[in-house]
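# What shape does this take:
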Amino acid sequence: MLLMACLLGCKQNQEIATTTPLFQATYVDQINLSEYFSKIEYVFLENHDEALFINADQIEFYNDHWYIMDQELMIVFCFSASGKFKFRISAHGKGPGEYLLAEKMLVNRSTNEILIPA
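I've put the predicted structure just below:
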């Protein structure tokens, strides 16, 4: 009897909320890029110790250069339009002009600066 009272007393009124999706996501095995782009070019990036990154978390093409932000390494890599390594920005630390965390880069096109917000 006590068990029955507990079961009946613990009954909850459950309402199920329904939502309508904004779009239906579907899995696509292949896509034809020529449907979306008129020209596709591949740029092979130079690879040596100074130019190696783990993840390309953010990519910007500006002023004939590729800028690639790797958040894990907290480094911005710069390559020419043809893929030749130019330089990297790595100022991780606690001193002036250094940063503790680099989550994104900003390209200031009016001053020609690459900024890493601290």
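
# Just the buried positions in stretch 43-58, please.
Buried residues in stretch 43-58, counted by 16 or more other CB atoms under 10 Å: 45, 51, 53, 57-58. Yep, even glycine has a C-beta here, placed from its N, CA and C like the rest.

# Now distance to residue 78 and secondary structure too, for the residues you listed, in a markdown table please.
Converted to a markdown table, the buried residues of stretch 43-58 look like this (distance: CB to CB, whole Å; DSSP: H, G, I helix; E, B strand; the rest coil):
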| residue | distance to residue 78 | secondary structure |
| --- | --- | --- |
| 45 | 11 | coil |
| 51 | 9 | helix |
| 53 | 11 | coil |
| 57 | 15 | coil |
| 58 | 13 | strand |
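
# which stretches of this structure have low pLDDT?
1-25, 118 (pLDDT under 70).

# all helices of it, in order?
Applying DSSP state H to the chain gives helices spanning 2-9.

# Now residue 62: closest residue in space that isn't a chain neighbour?
Leaving aside its sequence neighbours, residue 62 sits nearest to residue 107 (CB to CB, 6 or more residues apart in numbering; 5.0 Å).
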